[in-house]
Each structure stands twice: as structure tokens, then as C-alpha cells.
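Asks: need a 3D model of the following:
(one chain, ligands or ions: 1)
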Amino acid sequence: MPERSDSSGAILVTGAAGFVGSTLARRLRRRWPTRPLVAIDALTYAGDRQSLAPLDGDPAFTFVHADIADREAMRATFAAHRPQWVFHLAAETHVDRSILDPLAFVRTNVEGTASLLHAARQAWGEGRDPRFVMVSTDEVYGALGPTGAFRADSPLDPSSPYSASKAGADLLALAWHRTYGLPVVVTRCSNNYGPRQFPEKLIPVVVGRALAGEVVPVYGTGDNVRDWIHVDDHADGLIAAAERGAPGAVYCFGADNEQQNLALVHRILDAVDGLTGRDVGASRALVRFVTDRPGHDFRYAIDADETRRALGWAPRVSFAEGLAATVRWFIDHADWCRRRREAARRFEEVWYSRREAGS
Ligand SMILES: NC(=O)c1ccc[n+]([C@@H]2O[C@H](COP(=O)([O-])OP(=O)(O)OC[C@H]3O[C@@H](n4cnc5c(N)ncnc54)[C@H](O)[C@@H]3O)[C@@H](O)[C@H]2O)c1
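Replies: Numbering: from 1, shown residues only. Presented below is the predicted three-dimensional model:
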């Protein structure tokens, strides 16, 4: 097992009100019940302050409502809290939105990351074994054909403004390591699923629409392939990267779980039917194929063997159990889903009407 670093200083999580960030913050708190924990989030449409509610009242928890591109706010936050570890997750994350509004992605994902790196470099002198974990995505590698898998050293070849902005952020982080010696670790993960995922991403969209009896849009013929990992396994991988990651290294997280989109949509719909007393298979009639997303990557897959060895990490949640629990969570939290879907609705209406019209 690789050596652990000293782990006692404050922890900063950006994007902590989002899906992965809130899961990470909760798991960090479980692991270190009294360690100072600072959350930064701009609370965009994707952020939900309620996702951090279990931490409210915790004397060692601070929520900072700020934009990561605000350099003065980042400087002040680093000066006030002197974090030992930074987990940088704040980002614009939805590929479809990046196609309609790419500059918002450049601003947050590229400029925002540079602003945070700058603040970390100014604050970290001889700090105790600090780490800046740049949380990124396998989408920076672009598309695979029917075979093969991405590894950490695969060439970057992003297709969408989202993935290009994340690749830009990764490269800035690595440059801050090479140029200034900032102890950066880059992580690239496959598609996450789990509770509290914002209902513009595939799994919560399908559950929400099926519950409401609405059409379930599927791109093209639904034969694109994604590699799925439970968000808890991703969060644990990020903690392992802070504890045991080598500065300047890139780690890939995946759970060897490829699913074709249409087969996954059917599986989710059948689970919804089973949990709501409908005839299993009935909701498959809601599927409607829509014009494919421009630049849609055909397939992603991650070879995480090297990361498993280097970090002593392995995914634990089986897809069958994780998916069933996730679908049940969305059904049991129908009010949460309705509230969050309202925040997504305007974009969805514009986007899917264009897809259905073939534009
Ligand atoms: N969800 C996945 O499948 C997945 C997979 C691999 C990597 N990632 C990466 O993990 C990170 C989190 O993803 P997620 O799915 O939780 O996203 P999300 O959209 O659920 O959350 C993003 C959070 O960032 C906040 N944010 C956005 N712009 C901000 C800004 N300018 N300043 C401060 N906060 C801002 C939002 O309010 C939100 O709370 C992202 O960096 C993403 O690229 C996600």
C-alpha cells in the first residue's frame, strides 16, 4: 500500500453544493469528523445548498458563497482558512449547455481554475504536504471506437466545449506544477451516478420523465456507450489521490462498467416500473429518439488498473445494486426532483425542441 501523507489540516472543496462535491464533502466529514472543512460554491442553477444541509451547525464547517473566478474572494478564502488539501470540482458540467453557451464554460472551467491555482500558489509556502486535486473527466480524451480504453497517458482529444475547457483546466494545473512546483494531482473519472445528481444528466432525467409520464429523449439510435461509476467510489478515489497521489501525476477512475445508452435507459425504465407498481416494460413506450448531439463521442471506457495499484483504491459499489438504490432514491425524493427539475426546465425545453426539430 502506498504511503499516506500527513492529513490533519483544513480541506477546501470547490463546487461543494454540486452532485460530486456534496458527496465528497459528506464523505470527508465522515472520515475526519473534526477536521476544518471549507466549501466554496457560486450556487449556479446546478448548485443546491440543501445538499450540504447535514453539515450545517458543524463548528468546523464553513460555507463560502463565491465564484471561483473572483480572484479576490479566492485570495481571501485561502488566507482565512489555509487549506492543506484543495479538491477543485466547481465547474460548468453539462455538455449540451456547453454547445449552446460555450463561453460560460471557458470562464468558469478555464479562468476559474487559473484563479484558484493562483490563489493556492500565493497561499502555499512551505505548507504541510499540501495537495491540489484537479477533478477532471475522461471526456478530455475524446471518443473511442468499439474497443480499447483510456489510460492516464492517452492523448487529449476533446470534442465538446465542455471537455475542451476541462482539458484546458488540466493543462493549466499541470503547468502550475511544472513551473511553480504546486503539488497538483489530476484525476479523470468516467460517468458518475448516484443520489442528488442534477436532473439534466441521463439517469435522473430518465427517472424524472418516466415518473411524470413524459417522453424520454434518447440521442441518435441510443448505441453510444458510457462507462459508469458510483459517485461514492469516485469520492473515495479523490480522497486517495489527496492522501497518496504523486505531485504532477494523472489518475483515471473507472469501474469497468460499460453500458449502451438505450440498454441503460430500458433498465432504468423497468426499475421505475417495478418500484411504482406499473407493468415492467410499460414505460419503454416513452422513449423517443431525437437528433444526435453534435460531436457526440461514441464510446468512453477507462482502464483504471494503474490507478488502483498506485493509490490502493478500488471501486466497491456493484452497478446492479447502485443503480437500483439510485432509482429508488429519486423516487423517494420526488419533491427534491420536482424542485431541481424546475431549475433545468427552461434549458431542456429549448434544447430538446431543437433536437426534435433536427436543428
Ligand atoms: N458527474 C460526473 O459524471 C463527473 C465525471 C467526471 C468528472 N466530473 C467533474 O466533477 C466535478 C463536479 O461535477 P458534478 O457532476 O458534481 O457537477 P454539478 O454540475 O452537479 O456541480 C457543479 C457545482 O459547481 C458550482 N459552480 C459552477 N460554477 C461555479 C463558479 N464559477 N464558482 C463556484 N462554483 C461554481 C455549481 O454551483 C455546482 O454546485 C466537475 O469538475 C466535473 O467536471 C464529473
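
Asks: give me every residue that touches whichever residue of the chain sits closest to the ligand.
Replies: Residue of the chain nearest the ligand, by Cβ to the nearest ligand atom: residue 18 (2.1 Å). No exception for glycine: its C-beta is placed from N, CA and C like everyone else's. Residues counted as contacts of residue 18 (Cβ atoms under 8 Å, 6 or more residues apart in numbering) are 41, 46-48, 51, 89-90, 93, 198.

Asks: what about the helices in this structure?
Replies: Counting by DSSP state H, the chain has these helices, from start to end: 19-31, 71-81, 95-100, 102-105, 113-123, 161-180, 202-212, 231-244, 261-276, 305-311, 319-332, 334-356.

Asks: could you tell me the least trusted of those?
Replies: Among the helices of the chain, helix 334-356 carries the lowest mean pLDDT, a mean of 78.

Asks: how far does that helix sit from the chain's center?
Replies: Relative to the chain's own centre, helix 334-356 is displaced by 19 Å; criterion: Cα atoms, centre = their mean, to the nearest Å.

Asks: pull out the buried positions in it.
Replies: Neighbour counts using 16 or more other Cβ atoms under 10 Å place 336-337, 340-341, 343-344, 347-348, 351-352, 355 of helix 334-356 among the buried residues.

Asks: what's the answer for stretch 320-330, then?
Replies: By 16+ other Cβ under 10 Å, the buried positions in stretch 320-330 come out as 322-323, 326-327, 329-330.

Asks: how about stretch 235-249?
Replies: Across stretch 235-249, burial judged by 16+ other Cβ under 10 Å covers 235-245, 249.

Asks: what parts of this protein come near the ligand?
Replies: Neighbours of the ligand within the chain, by Cβ under 6 Å from any ligand atom: 15, 17-21, 40-44, 46-47, 67-69, 89-93, 108, 112, 135, 137, 166, 189, 191-192, 198.

Asks: switch the cut-off to 5 Å
Replies: Residues of the chain that fall close to the ligand, judged by Cβ under 5 Å from any ligand atom: 15, 17-20, 41-42, 44, 46-47, 67-68, 89-91, 93, 108, 112, 135, 137, 189, 191-192, 198.

Asks: in strands, which of those residues fall?
Replies: 41, 135, 137, 189, 191-192 (DSSP state E).

Asks: return the members of these classed as buried.
Replies: Neighbour counting by 16+ other Cβ under 10 Å classes 41, 135, 137, 189, 191-192 among these as buried.
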